[in-house]
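**Q** here's my sequence, what's the structure:
(2 chains)
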Amino acid sequence: MQFALLIQGSPTSSQSLLSAHAFACAAITAGHSIQRAFFYHDAVLIGSEHLAPPQDETDLQALWQALGSEHDIPLILCVASCLRRGILDEREAQRFEKPSSSLAKGFEIGGLGQLIDAALTADRTLTFLP
Amino acid sequence: MKRLLFILQGTSGASILPQEALDAVLAGSAFSDCVVIFTGWGVTQLRQQTTAHGRKAYNRGFGALRDYGIEEIYYSSDAANEHRLQRGELIIDARPLGNDEINQQIQRADAVLSF
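**A** From the prediction side, this is the model:
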């Protein structure tokens, strides 16, 4: 079965990203696949290049980057949510005249159309609320 | 065309999530038949006088849902009772649903997105 994930919770004040990661790992282990992970609302903060968690805490961003690259899962951050929270790729940084990109490796910025497409084409869509 | 159900349960004024949820609903309307159900604390979004201090009155945008072809707009009657929401307070024309009817809507949908 092919799953799409809609993740909404902040890396620091919600279990949403951890739960979604645990689900994705379990699904893959069971022979399923993750079509796309779409990060919305505060969950887009997972794609900030400036996250620097303490060494004795779980590095959620590294977990997602590894999952995305090892299993070829697109990690899409909603552009509108990103702009509100200061996460910009090179193109958006230029457009808004900001000094630099703040998007971490392994993540892409995309539009809501990618969420709707995922929901309409995956076998199941799971939402991880804040 | 596929049927996409949006369940809106975020508290009005507590965060920007309800506003972002409305954006997702409007995006969905471009690709599928959309149904919207307000449940739980989400019914508080339907109050006309609900704007939090310093926040955009995003819920006026609910008036655009029908312009985007979204005709099926519902709310949980149980949640409305719990939050003492009167029909006269609603910012848009929406129909109350019982829990069984909400379950039927979930069953009929090709996909469900919750916010």
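**Q** who's in contact with A:A119?
**A** A:A4, A:L6, A:T125, B:L4, B:G28, B:A111, B:L113 (C-beta atoms under 8 Å, 6 or more residues apart in numbering or on different chains). In this view, the C-beta of every residue, glycine as well, is placed from N, C-alpha and C.
**Q** state the distance from the last one to A:P99.
**A** Translated: B:L113. Going from B:L113 to A:P99 by C-beta to C-beta, to the nearest Å gives 35 Å.
**Q** of these two, who's got more company?
**A** Neighbours per residue, other C-beta atoms under 10 Å in any protein chain shown: of B:L113 and A:P99, the larger number sits with B:L113, 26 against 6.
**Q** quick check, the more buried one in a strand?
**A** Yes: counting by DSSP: H, G, I helix; E, B strand; the rest coil, one finds B:L113 located in a strand.
**Q** quick check: bridge partners of the spatially closest residue to it that is not a sequence neighbour?
**A** Closest residue to B:L113 apart from its sequence neighbours, by C-beta to C-beta, 6 or more residues apart in numbering or on different chains: B:F6 at 5.4 Å. According to DSSP bridges, the residues that bridge with B:F6 are B:V36, B:L113.
**Q** count of neighbours near the residue in chain A that chain B sits nearest to?
**A** Closest to chain B within chain A is A:L112: 3.6 Å, counting by C-beta to the nearest C-beta. Per other C-beta under 10 Å, the neighbour tally for A:L112 reads 23.
**Q** which residues does it contact?
**A** Here A:L112 is in contact with A:C78, A:A80, B:D23, B:A24, B:A27, B:G28 (C-beta under 8 Å, 6+ apart).
**Q** pLDDT score for the residue sitting furthest away from the middle of chain B?
**A** For chain B, the largest distance from the centre (C-alpha atoms, centre = their mean) belongs to B:G54, which lies 22.0 Å off. pLDDT for B:G54: 79.
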